[in-house]
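Peer 1: curious how this folds, go ahead:
(chains A and B)
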Amino acid sequence: MMRFGSKDSFRCTLMKRLKSSNSIIVLSFFFLIALMPIIYMFSYVFFNFGEVYRWVFDDPISGDARWVLMQKSILLSFEVATLVTIVDIIIGLPMAWILSRYDFWGKKAVDTLVDLPLAVPTSALGFSVFLFWGSRSGLASLFGIETGLFSRGPMMIVLAHIAFTYPYVVRSLTAIIEEVNMGYEYAARTLGASSVTAIRTITLPLIKPGLITGAILAFTRSLGETGATILVCGIHETAPLVIVAWRQLLEISPAAFLGMTVVAVAVFLLYVANYLAERWRFPLRKVWPKAEKFLSGKKPRGVRDLLSTLIFLSLVLIPSAFTLVYMGTWWSGSPFTGSQEAGVFHQVFLAPDRKWLSLWMSILTSLEISTVVTCINLAFGIPMALLVVRGKSRRLREVLEALLNMPIAIPSAALGFSIYLLWGSKGLGVLSPGFWLVVLVHTAATYPYMVKQVASVLEGLPPMYEEAAKTLGAKPFSVFRTITLPLVMPGILAGTILSFTRSLGETGATIVVMGTIRTVPVLVVNWVEAMALPAAAFASVVLIAASYILMLLFRHLIEIVVIRPKI
Amino acid sequence: MPDVKLVNVSKRFRKIVAVDRVSLSVHDGEYLTLLGPSGCGKTTMLRIVSGLANPDEGEVYVGGRLVNDVPVEERGMGFVFQLFAVFPHMTVWGNVAFGPHALGWSTERIEEECLRVLRMVRLEDRIDAYPNELSFGELQKVGLARAIATGSKILLLDEPMGALDAKVRGELRLELRKLVKDLGLTAIHVTHDQEEAMVVSDRIAVMRKGKIVQVDTPPRLYSHPKNVFLVNFIGEASFLEGTVKNAGGMTLIIEIRGGAIIRASDKSFRIGDRVVVALRPEYVKINAKGNVGLNRLHGRVERTKFVGWFTRVEVRLDNGDLIVVEEPMSNGHDFEVGEDLTLTFRPSDALIYHYPEEGLQKALSLE
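Peer 2: Numbering: from 1, shown residues only, chains lettered A, B, ... in the order given. Predicted structure coming up:
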C-alpha cells in the first residue's frame, strides 16, 4: 500500500511540474514570436533615433520627403479601412439577416459563396478584382471601353478590400443573429412595434457585440492588407506597402520608424474602439411608427433582398472569382489580337523563361511553409487556448487576451519587419531572410487566430462533460484526450483552416523576410508587376485550388485523428 | 367587445399536426385557460390568436372581426412569455414604455400610463433596475405590466408561471387573476399545471393531441369529466374494468373483473356494455360501518405514504387491481402493509365510462 501511495504522489507532483512548465513554455513561445520583436522594434527606434531622424526628417537630398510620404500613406490606410468598414456593415447586415432568418431555396449555396473570398488568398483576390474593374477584359468589355473602368488607386483599393472583408462582417453578424432569442422580437411585435421598429430598437442593440467584432475584424484586416493592395494601389501606397518598399530598398531606419508608428496607432485604435464600443448605446428614444411600418411592408423588404443580393454579386462574388473567367478567355491566346503568345498556355508552359517551373517551385515552398506553420500553431495554440480560458489567474487571462489581439490588429508587414529586425543581421543575427524566417513571421501573424478559435469553443463548453469523465475515474490527460479535445474539435478545425489559409495567402510580411525563396502570392505579385497577366491568372487559380483542396484534406485528416478517440 | 372566436383552426409543422380543426369561443371579460400536457398544441393555439403564427386553415375573429390577415403588431393584444422576454438592454421603465413608444404616444401619456401599470404590479420602486437585477417573479411582473401598458383589452399568457418557484407561483396567480378581473380584460392563459388552471380560470379548455376535449368551469370539469383521460388528467383516480349486468331504473349493476358486483347511478348504459369505473381517492372510505347501500371491495394494503394532512394508502384488491385511497389523519388509524381491508364508496361517486376503443392505457396516456 505504502509503495503505491508514494508512487502516486510522485506522479502527482510530476504532473503538476509538467503542467506549470508547460504553461511557461507556451507563454515564452508567444513572447518570443510576437511580443519581443515588437518591443525590439520600439527600442531600435529609440536607441537609433539620431539615424532615424536623419533618414526621415533631414535627408541631405530629399529633405523630409519620407516624412511626407509616411503621413500620406498612414492617412490613406486609415481612410480606406474606415470607409471599407462602414460599407461592409451597410451591405453586410442585410445579407447576414437574410442568411440567418430566412429559409429559401439555395440558401446553403449562398452561405458557402459568402465565404468564398476567405478561401482566396488576398493577392489572387486583388488580382481578380483588378482584372474585373481595371482591365479591358473585365467589366469594361461589357461597355466596349478600351481601358479598364477604374484605374489603380484608392477607389480600387476600397473595392478590393470590401471583397475580402465582407465575409468577416457577414459571418460575425450571422453568428450572433442566430443566437439572439427571437422571443424579444416577438415580444416587441405584440407590443405594437412594426418589424423594422422591433429590429432597430431590440435586435440591433442585442447584436452589438457581433457588429463590433465584425467591424474590428474588417478594419484591422483592411488596415494591414498588402497582397491585394500592392496589385491595385498604383502610386497610392498604403502604410504597410511603404514598409515593404523601404525594406526592399534596405532603408531600415525609416522602415522601423514607420512600423513603430503604425503599430502604435493600430493598437491604440483597437483599445479605443473596444472602450467606446462598451459605452456606446443605440439611440432608442425615437420611434417613427408610420415610416417604419411602411418599411416593414412586403415591397421594401423585397427591394432590400434584391439589393443585397446584387451588391454581393457585383462587389464581392464576381470580382473575387473573375480570374477564372479571365483565364478561360485568355487560355489559348489573346481574345483581342488572337496572338497565341499572349495566351495563358503559351506564357506558362511554352515560353523560354519556363514559368511553370518557378510556379511549381513556389507551390512547394508555399505548401511547406503553411504546413509547418499550422503544425506549430496546433502544438502551441491549443495549450494557449486552455491557458486563456481555464487559467487560474483572472488577471493573466485578461492580459493574455488583450495581448493576443495585438498581432491581429497590427499590419502583418510591420510585424514581419519587426521580426526581421530582431532575428536578422540588424538584431540578434540568428536567422537570415529565407524559409525559417518566413515560417516565424507567418506563425506570429496566424497564431492568435488558432488560439481565439479554440478558446471561443472552449469557453462555450459546459464543464459537466469533463466532470462526468472525472467521476468515472479518467485521469486528467485522458479526460483531455477523450473528452475535451473531441468537443473543441470545431474550434481546432476552424483555427487550422484559418491559420493555413492566412499563411498561404500572406504577402507583405513574406516579401519583407523571404530572401531568395518565392511563395505563390509573391510570384503572382511579381508577374503582375512584369505585366505577365495571363501567367499571373494561372498562378492565382492554382493558388486558389491548392488552398481549397488542402482545406478539405485537413478537415478529413483531423476527423480521422481526433474526433473518435480510441479509448 | 373583445371576445375571441376560433373557427376550425388547423396548424401543421411539416408532418406533425399541432392544432387539429379546433373551434373555441372566449367571451368578453372571461378568464379562459388552455390546459393540456406538453405538445398538445396549446401554445400554438395562443400564438395563432396573437398573430405570431398563422393558421393553415380556419378563421380567427376578435370582436366579430376576421383578423387572419392582421399582423401581430396591429392586433393590440398583450402577450406574456414563459421566459419573460424582458428586453435585457432596457430598464424596467424602458420595457414598460416600449409599447406606448412604438405606438407613438405623447410623452405625458406614456409617463402616466406606465406609472399606473407599474403601480398595479407594485414595481414602481424598481423603475431604473435592469432585468439582470430582478428576481424571476419581478421579471414576470415586468412582462405583465409591459403587456397591459398599451391598454390592450385581451391578455395572452403563455405558461406565465412556468419558470417560477412554487411559492412565487402561488402568490402571483392570485394577483394575476385579480388584475385581469379589475381591468375587465379577456384573458387566455396557457398552462400544463391543472392546479394553476383550477385557481385562475372562469373556464378551462382541456387540449389533447391538437384537439379540445372539454370546455367547462373548473368544478364541472372535476365532477363531470367527459372521458377517462380527463378523470386522470384533472385530479386523480383508480380504474376498474367491468361489464354491465343490469341497467334498469336509476341504478346500474356492474360486475367488475374478478366477479365482485358494484352499483352505480348512471343511465346511459345498456346490459352487456364493457365499462371503466373511475374512483377518486377522496371518495373511497376504509372499513366504514353501516349503510346497506354502499359498495364494498376487499383487499390488502400494499403501500402507504404519509403526505401531510392525509395518508395515501394503496390497496391491492382480490382481483389484482390497485385502488388508491386518501385517508384523513384525524381518523387515527395506522395501516400496516398486508393488512386486510374493506373499501366502501357511494354508488353516485363512481364515474362510469364506456371502455375506450384504443385500450385503457392508451386512453390515459398524455401523448
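Peer 1: for the rest of this, base every contact and every neighbour count on C-alpha atoms.
Peer 2: Will do.
Peer 1: so which residues on chain A come close to chain B?
Peer 2: A:183-184, A:186-194, A:197, A:202, A:205-206, A:285-289 (CA under 8 Å from any CA of the partner chain).
Peer 1: and the strands in the stretch 151-300 of chain B, which stretches?
Peer 2: For the stretch 151-300 of chain B, the strands defined by DSSP state E, counting those that start in this stretch cover B:154-158, B:186-191, B:203-208, B:211-216, B:238-246, B:252-256, B:261-264, B:274-279, B:285-286, B:295-306.
Peer 1: packing partners for the shortest one?
Peer 2: Read it as strand B:285-286. With contacts taken as 3 or more CA pairs under 8 Å, 6 or more residues apart in numbering or on different chains; DSSP states H and E, strand B:285-286 sits against strand B:322-328, strand B:340-345.
Peer 1: now with 7 Å?
Peer 2: Judged by 3 or more CA pairs under 7 Å, 6 or more residues apart in numbering or on different chains; DSSP states H and E, strand B:285-286 is in contact with strand B:340-345.
Peer 1: what's the offset of the strand it packs on from the middle of its chain?
Peer 2: On the basis of CA atoms, centre = their mean, to the nearest Å, strand B:340-345 sits 32 Å off its chain's mean C-alpha point.
Peer 1: quick check: the residue of the stretch 101-250 of chain B nearest chain A.
Peer 2: In the stretch 101-250 of chain B, the residue that lies nearest chain A is residue B:102 (5.0 Å; CA to the nearest CA).
Peer 1: contact partners for the nearest residue to that residue once chain neighbours are set aside?
Peer 2: Of all residues not flanking residue B:102 in the chain, residue A:193 sits nearest, at 5.0 Å (CA to CA, 6 or more residues apart in numbering or on different chains). Residues counted as contacts of residue A:193 (CA atoms under 7 Å, 6 or more residues apart in numbering or on different chains) are B:73, B:99, B:102-103.
Peer 1: are we agreed that residue A:193 is in a helix?
Peer 2: No - Residue A:193 is assigned coil when assessed by DSSP: H, G, I helix; E, B strand; the rest coil, not a helix.
Peer 1: isn't residue A:234 up against residue A:154?
Peer 2: No - the criterion here is CA atoms under 7 Å, and residue A:234 misses it with residue A:154 at 8.6 Å.
Peer 1: neighbour count for those two, which is higher?
Peer 2: The neighbour comparison of residue A:234 against residue A:154 (other CA atoms under 10 Å in any protein chain shown) goes to residue A:154, with 21 against 14.
Peer 1: confidence score at that one?
Peer 2: Turning to residue A:154, the model gives it a pLDDT of 92.
Peer 1: residue in chain A nearest to chain B?
Peer 2: Closest point on chain A to chain B, by CA to the nearest CA, is residue A:192, at 4.0 Å.
Peer 1: distance of that residue relative to residue A:479?
Peer 2: Look at residue A:192 and residue A:479: by CA to CA, to the nearest Å, they are 52 Å apart.
Peer 1: those two: who's more crowded?
Peer 2: Neighbour count, other CA under 10 Å: between residue A:192 and residue A:479, residue A:192 has more, with 27 against 18.
Peer 1: which residue does chain B have closest to chain A?
Peer 2: For chain B, CA to the nearest CA, closest residue to chain A: residue B:73, 4.0 Å.
Peer 1: give me the number of residues near that residue?
Peer 2: By other CA under 10 Å, the burial measure for residue B:73, its neighbour count, is 25.
Peer 1: ok, now the one 10 residues further on?
Peer 2: Residues near residue B:83, counting by other CA under 10 Å, number 18.
Peer 1: who's in contact with it?
Peer 2: Here residue B:83 is in contact with residue B:163 (CA under 7 Å, 6+ apart).
Peer 1: again, only using 10 Å
Peer 2: By CA atoms under 10 Å, 6 or more residues apart in numbering or on different chains, the residues touching residue B:83 are A:183, B:136, B:139-140, B:143, B:158-164.
Peer 1: and which of the residues you listed is nearest to residue B:218?
Peer 2: residue B:159 (18.2 Å; CA to CA).
Peer 1: contacting residues around that closest one?
Peer 2: B:34-35, B:42-43, B:80-84, B:189-193.
Peer 1: hmm, 8 Å instead?
Peer 2: With contact taken as CA atoms under 8 Å, 6 or more residues apart in numbering or on different chains, residue B:159 is in contact with B:81-82, B:189-192.
Peer 1: same thing with residue B:296?
Peer 2: Per CA under 8 Å, 6+ apart, neighbours of residue B:296: B:262, B:342-345.
Peer 1: just put those residues in a markdown table and tack on pLDDT.
Peer 2: A markdown table is the format used below for those (pLDDT from 0 to 100):
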| residue | pLDDT |
| --- | --- |
| B:262 | 91 |
| B:342 | 89 |
| B:343 | 90 |
| B:344 | 90 |
| B:345 | 91 |
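Peer 1: nearest to residue A:300, of those?
Peer 2: For those, the nearest to residue A:300 is residue B:345 (70.4 Å; CA to CA).
Peer 1: torsion angles phi and psi at the closest residue to the closest one other than its chain neighbours?
Peer 2: Excluding its sequence neighbours, the residue lying closest to residue B:345 (CA to CA, 6+ apart) is residue B:284, at 5.0 Å. Backbone dihedrals for residue B:284, given as degrees, to the nearest 10, come out at phi -100, psi 130.
Peer 1: any idea how far residue B:284 lies from residue B:251?
Peer 2: Distance from residue B:284 to residue B:251, by CA to CA: 19 Å.
Peer 1: who's more crowded, these two?
Peer 2: residue B:284 (22 against 15).
Peer 1: could I get the pLDDT score of residue B:330?
Peer 2: 66.
Peer 1: about what we covered before: out of the contacts of residue B:159, who's the most crowded?
Peer 2: Each of the contacts of residue B:159 was scored by neighbours using other CA under 10 Å; the highest score is residue B:190's, at 27 neighbours.
Peer 1: quick one: that one and residue B:37 touch, right?
Peer 2: No - taking contacts as CA atoms under 8 Å, residue B:190 lies outside contact range of residue B:37: 10.6 Å.
Peer 1: let's have the contacts of residue B:83 in a markdown table, adding distance to residue A:56.
Peer 2: Formatted as a markdown table, the contacts of residue B:83 follow (distance: CA to CA, whole Å):
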| residue | distance to residue A:56 |
| --- | --- |
| A:183 | 59 |
| B:136 | 64 |
| B:139 | 63 |
| B:140 | 66 |
| B:143 | 64 |
| B:158 | 70 |
| B:159 | 72 |
| B:160 | 70 |
| B:161 | 71 |
| B:162 | 70 |
| B:163 | 68 |
| B:164 | 69 |
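Peer 1: quick one: buried ones out of these?
Peer 2: A:183, B:136, B:139-140, B:143, B:158-162, B:164 (16 or more other CA atoms under 10 Å in any protein chain shown).
Peer 1: residue boundaries of the helices in the stretch 51-200 of chain B?
Peer 2: B:72-75, B:92-102, B:107-120, B:136-149, B:166-183, B:194-200 (DSSP state H, counting those that start in this stretch).
Peer 1: on the three-state scheme, residue 353 is what?
Peer 2: No chain in the question, so chain A it is. Under three-state DSSP, residue A:353 comes out as coil.
Peer 1: correction: the question concerned chain B.
Peer 2: With three-state DSSP as the basis, residue B:353 sits in strand.
Peer 1: tally of neighbours for it?
Peer 2: Residue B:353, neighbours per other CA under 10 Å, totals 20.
Peer 1: where does the chain have low pLDDT?
Peer 2: No chain was given, so I picked chain A. A:1-19, A:282-285, A:558-567 (pLDDT under 70).
Peer 1: looking at chain B here, not the other one
Peer 2: In chain B, residues with pLDDT under 70: B:1, B:288-292, B:330-332.
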